[in-house]
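Novice: My questions are about this predicted structure, shown below with the sequence.
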Amino acid sequence: MSDYRDPNQDGGDNLLSEAGAEIKGMATQGLQHPSTKPVLTGAAVGAVAGAVLPVVSWPLGLLAGAGFMLYKRLRP
């Protein structure tokens, strides 16, 4: 297949390296970084959903919400 792309051959432009750079940027710039507020909002929504749902706890919801919003910031 000619449309197969090896994720290791794209010059480090993969999801994990982008997420690491984004997290470092949020850690250094704080609320001035454009991704911080959406990720914190997603974390809050996830924590509330985790508190309401009987199977999921709020820390798991917090991580899931923050992770989802970070993913949506990287891959819109």
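Specialist: Noted; the coordinates are in hand.
Novice: any chance you could map the strands in this protein?
Specialist: Counting by DSSP state E, the chain yields no residue ranges for strands.
Novice: Buried ones in stretch 63-74, by neighbour count?
Specialist: 64-66, 69-70, 73 (16 or more other C-beta atoms under 10 Å). The way it works is simple: take the backbone N, C-alpha and C, and place the C-beta from them, glycine included.
Novice: Mind pulling up the pLDDT for G46?
Specialist: pLDDT, G46: 94.
Novice: Would you confirm that it contacts L70?
Specialist: No: the criterion here is C-beta atoms under 8 Å, and G46 misses it with L70 at 11.4 Å.
Novice: still on that earlier bit, make JSON lines from the buried residues of stretch 63-74 and add distance to L53 and pLDDT to it.
Specialist: Shown next, in JSON lines, are these (distance: C-beta to C-beta, whole Å; pLDDT from 0 to 100):
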{"residue": "A64", "distance to L53": "11", "pLDDT": "95"}
{"residue": "G65", "distance to L53": "12", "pLDDT": "95"}
{"residue": "A66", "distance to L53": "17", "pLDDT": "95"}
{"residue": "M69", "distance to L53": "18", "pLDDT": "95"}
{"residue": "L70", "distance to L53": "21", "pLDDT": "93"}
{"residue": "R73", "distance to L53": "24", "pLDDT": "91"}
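Novice: now, which of these sits nearest S17?
Specialist: Nearest to S17 out of these is L70 (C-beta to C-beta; 13.4 Å).
Novice: give the contact list for the closest one.
Specialist: L70 makes contact with 19, 22-23, 35, 39, 42 under the criterion C-beta atoms under 8 Å, 6 or more residues apart in numbering.
Novice: one more time with 10 Å
Specialist: 18-19, 22-23, 26, 35, 38-39, 42-43 (C-beta atoms under 10 Å, 6 or more residues apart in numbering).
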